Structure formats: structure tokens, C-alpha cells
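# my questions are about this predicted structure, shown below with the sequence.
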Amino acid sequence: MNNTPNLSNDTIQQMLKMAGEKMGTDPVKLRRQLEQGAFQEALGKIPSGQSARIQQVLNDPKALEALLNSPKAKQMLQNLMGGK
């Protein structure tokens, strides 16, 4: 089973922009941190309870897959893609 979600580059860019705005950081810097595996620095700007939960999901491929396949996540991705 492939645990990598199939997201378009546009969707990823939109998600990074939205996350960057919420975290008060540059989306390009955020992407670089995530690509380099620097999750701690990226997650350091999120309240500790949320940060711990995100880290837990990122470390569990089954939980991450379940999250990405949830109706709320699918709706969010659809909204980010402009209803496509």
C-alpha cells in the first residue's frame, strides 16, 4: 500500500500558504523545513497540544492515511483546489 498521498503541487502550495499564514512563517521556508525533515522547528510555532497530536499523526502512516481520507480533509482539499 502506498502511504504517500497524491496531492497536486498546486494543492500543496495552497496548503503551505494557509499553514504559513496561521503559523506566521513564510510558506517557502515552511516547505523547505518539512522537506528536510525539520518538523520540530515547523511545529514549534503551534501550541504544544496541537503540535504533539500532529507529530503523532505524522509518525503513524495509518493515522495519516485515515486523516487524509476523512470527509473533512477531503472537503478541505476540495475547497483548496477551488471545488475541482
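Received the coordinates, thanks. These numbers were taken from a predicted model, which means no experiment stands behind them.
# quick check, central residue of this structure?
The structure's the chain has its C-alpha centroid closest to Met15; by Cα atoms, centre = their mean the separation is 6.7 Å.
# next structured bit after whichever helix or strand that residue is part of?
Element membership for Met15, per DSSP states H and E: helix 9-23. Note on helix 9-23: by DSSP H and E, the next helix or strand toward the C-terminus is helix 27-35.
# ok, and what's touching that following helix?
Ile12, Gln13, Leu16, Lys17, Ala19, Gly20, Met23, Phe39, Glu41, Ala42 (Cβ atoms under 8 Å, 6 or more residues apart in numbering). No exception for glycine: its C-beta is placed from N, CA and C like everyone else's.
# what are the buried residues along that helix?
Under the neighbour-count criterion of 16 or more other Cβ atoms under 10 Å, helix 27-35 has Pro27, Leu30, Arg31, Gln33, Leu34 buried.
# likewise stretch 48-60?
Neighbour-count burial for stretch 48-60 [16+ other Cβ under 10 Å]: Ser51, Val57.
# same thing with stretch 63-75?
Buried-residue list, stretch 63-75, by 16+ other Cβ under 10 Å: Leu64, Glu65.
# ends of that stretch, what's the gap?
End-to-end distance for stretch 63-75: 18 Å, by Cα to Cα, to the nearest Å.
# re earlier: using a markdown table, lay out the contacts of helix 27-35 together with distance to Ala63, pLDDT and neighbour count.
Listed next are the contacts of helix 27-35 as a markdown table, based on distance: Cβ to Cβ, whole Å; pLDDT from 0 to 100; neighbours: other Cβ atoms under 10 Å:
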| residue | distance to Ala63 | pLDDT | neighbour count |
| --- | --- | --- | --- |
| Ile12 | 20 | 78 | 15 |
| Gln13 | 24 | 81 | 15 |
| Leu16 | 21 | 82 | 18 |
| Lys17 | 25 | 83 | 16 |
| Ala19 | 19 | 81 | 17 |
| Gly20 | 24 | 79 | 18 |
| Met23 | 22 | 75 | 15 |
| Phe39 | 15 | 68 | 15 |
| Glu41 | 22 | 70 | 13 |
| Ala42 | 18 | 68 | 22 |
